[in-house]
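Student: The sequence and its predicted three-dimensional model are supplied below.
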Amino acid sequence: MLALGRRMGSAVQCALGLLTRVTPSASVLPQCSHSSSSSSNQRQQCLEEDLDPQQLALLEEPCILVDEADVPLGSASKRQCHLMHGGSSPLHRAFSVFLFNSAGELLVHRRAHTKITFPGHYTNTCCSHPLHTPRETIEEGALGVRNAAQRRLEFELGIPQEQARPGDFTYLTRIHYASPSDGMWGEHEMDYILFLQKDVTLNPNANEVEDVQYVKREDFERFLRGLQENNIPITPWFALIAQKFLPLWWKNLDTLNQFTDHHNIHHLLE
């Protein structure tokens, strides 16, 4: 795959190659001592006992359940939304922030190894969920999602709220995707794509973020190839967006409004 990526000379091929590395073996969940005859609840309890305490506490957060048309259906805990049952998990709202500085460089980060899903994977600036709370369920103009993005940028990257106000984000479109992280946890999300171009102050939360760096558009292919050569995977949503949308959007940061689509949902199920 790497040789093909070099011959093609595109970030798309590198992203596809890195996506193939997203496998159950990427999990850092501990081995459970229960036998295979144990109930699923026993195995779940065993696996959760050794999870990072802060990440375990976040499993209680209420996410927003939606249908495939993004119509809200109620709420469920982050735990319920990410546990795999029969090869799937409940569809819920999420968002992916792509933050660029004034020079047009994209801020990417590597997820901490304490993360429950896709630990140690590189991804876009910030990826999380709006919560089932009055402030983050506001539908008009996706204000609830943008409020959530402001909250998580501060929590994950230490970006002061005044540097990433809800009105600063450009809401482009929605992507529906699903991907397992390991045999127990996975993702099934209605992902709102948010762009933000601003110079910000960073103070990453080590429990969430292992590494941050800015990448130039002309260096993006080289960046992805370097990850691939060092067997460092990227998250499936980042790979999908890098493959299908990011090159065009990144090239047109000054005229993003031409790409906004709040009516159609891109269904990119594996």
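Tutor: Sure thing, it's come through. Residues are numbered from 1 along each chain as shown.
Student: Could you use CA atoms for every contact and neighbour count after this?
Tutor: Will do.
Student: burial of Lys115, as a residue count?
Tutor: Neighbour count for Lys115, taken as other Cα atoms under 10 Å: 21.
Student: likewise Thr255?
Tutor: Residues near Thr255, counting by other Cα under 10 Å: 10.
Student: cool, and Glu208?
Tutor: The burial metric for Glu208, expressed as a neighbour count using other Cα under 10 Å, is 20.
Student: Check Ile138 too.
Tutor: Counted with other Cα under 10 Å, the neighbours of Ile138 add up to 16.
Student: Next one, pLDDT for the closest residue in space to Leu99 that isn't next to it in sequence please.
Tutor: In space, Leu99 comes closest to Leu196 once its chain neighbours are excluded; the distance is 4.7 Å by Cα to Cα, 6 or more residues apart in numbering. Among the per-residue scores, Leu196 shows a pLDDT of 98.
Student: For Phe100, list the residues it contacts.
Tutor: By Cα atoms under 8 Å, 6 or more residues apart in numbering, the contact list for Phe100 reads 106-107, 195-199.
Student: would you turn those into CSV with secondary structure, distance to Gly120 and neighbour count?
Tutor: As requested, the contacts of Phe100 are arranged in CSV below (DSSP: H, G, I helix; E, B strand; the rest coil; distance: Cα to Cα, whole Å; neighbours: other Cα atoms under 10 Å):
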residue, secondary structure, distance to Gly120, neighbour count
Leu106, strand, 19, 22
Leu107, strand, 16, 19
Phe195, strand, 23, 20
Leu196, strand, 24, 21
Gln197, strand, 26, 20
Lys198, coil, 26, 16
Asp199, coil, 26, 14
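Student: which one of those residues is nearest Pro247?
Tutor: Using Cα to Cα, Leu106 is the member of these that sits closest to Pro247, with 11.6 Å.
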